[in-house]
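**Student:** starting from these lines, generate the structure:
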Amino acid sequence: MNETGRSGKAHVAHQLETARHGSTLLDRKQHILADERERLELFAEHSRRKWEDLARVAATWLQRSAEMDGRDRIEAAAADDPVVVEVSWGGAMGVSYPENVTVQLPPQRHPGGSSALSYAAQSHRDSLVAAAQCAAASRALLLVSTELTTTRLRQRAIENTWIPRLEAKLISIQGQLDQQELEESLRVRWAENNRSGVDRAPTADRSIPQFSGSSDG
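**Tutor:** Predicted coordinates:
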């Protein structure tokens, strides 16, 4: 589209209005995502500490069980079926991320052995659930943080590049229109002055003068 004249001015003005509106929406999205990221940071940190604490407890009981029961008893206590992890997804401002995790553990086996083996088995199950929750929280934090960074970059591009560029273009078009109006006004005034000069110009007297008097002889 030829962005000159009044139609071009209207087109650029509409683009500028759209850009400013988009910047406002991105600013709102940025604040919402920033609040959500702060919440997820706290939750991810809590999940990580919980998992690390339970993992240390599980490692301690496993070492005690290894000393008391031996490798064969520990392997016999391992479940045959896999763990099933189901992730529920939520979202905010157009970005989806894990919101909740459900861990289905297989039935626990009881091959005998010391109490350390029983504690080791249970603590490892608890640690596994905490690990899944920690992984989901970390993934949610990563996705929201990435979207927040992208949103900030888009807003800066609009505010620092597109809006100033459109404002400059609008000023340029307005300057061209003002110049055209000034030239048109001068042409009209010049034409009016020329017409007025013609109307006021004196007309030549083409009548033959009459002379009176007598002739000699």
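**Student:** centroid-nearest residue for this structure?
**Tutor:** Centre of the chain computed as the mean C-alpha position; nearest residue by C-alpha atoms, centre = their mean is T151, 2.5 Å away.
**Student:** and the one helix or strand it maps to, what does it pack against?
**Tutor:** For T151, the element it lies in under DSSP states H and E is helix 115-157. When contacts are defined as 3 or more C-beta pairs under 8 Å, 6 or more residues apart in numbering; DSSP states H and E, helix 115-157 packs onto helix 5-68, helix 70-77, strand 84-92, strand 95-104. Bear in mind the C-beta positions are built from the backbone N, C-alpha and C, glycine included.
**Student:** what pLDDT does A79 get?
**Tutor:** In the prediction, the pLDDT value recorded for A79 is 86.
**Student:** against G113, how distant is it?
**Tutor:** A79 sits 15 Å away from G113 when distances are taken as C-beta to C-beta, to the nearest Å.
**Student:** and these two? Which one has more around it.
**Tutor:** The residue with the greater number of neighbours, taking A79 and G113 and applying other C-beta atoms under 10 Å, is G113; the counts read 19 against 13.
**Student:** wouldn't that one be in contact with R71 here?
**Tutor:** No - shown here, G113 and R71 do not form a contact pair, counting by C-beta atoms under 8 Å, at 11.6 Å.
**Student:** and the helix or strand bottoming out on mean pLDDT in the chain, what does it pack against?
**Tutor:** Among the helical and strand segments of the chain, the one scoring lowest on mean pLDDT, DSSP states H and E is helix 163-200, with a mean of 82. If contacts are counted by 3+ C-beta pairs under 8 Å, 6+ apart, helix 163-200 sits against helix 5-68.
**Student:** next, the angle from the helix it packs on to strand 95-104.
**Tutor:** Orientation check (axes from the mean of the first three to the mean of the last three C-alpha atoms, to 10 degrees): helix 5-68 against strand 95-104 gives 20 degrees.
**Student:** give the rounded mean pLDDT of stretch 114-134.
**Tutor:** Confidence over stretch 114-134, taken as the mean pLDDT, stands at 94.
**Student:** for the remainder of this discussion, apply numbering that starts at 344.
**Tutor:** Okay, residue one is now 344; in that scheme the one you just asked about reads as stretch 457-477.
**Student:** centre of the chain to that stretch, how far?
**Tutor:** Distance of stretch 457-477 from the chain centroid (C-alpha atoms, centre = their mean, to the nearest Å) equals 41 Å.
**Student:** before I go, just wanted to say thanks for your time.
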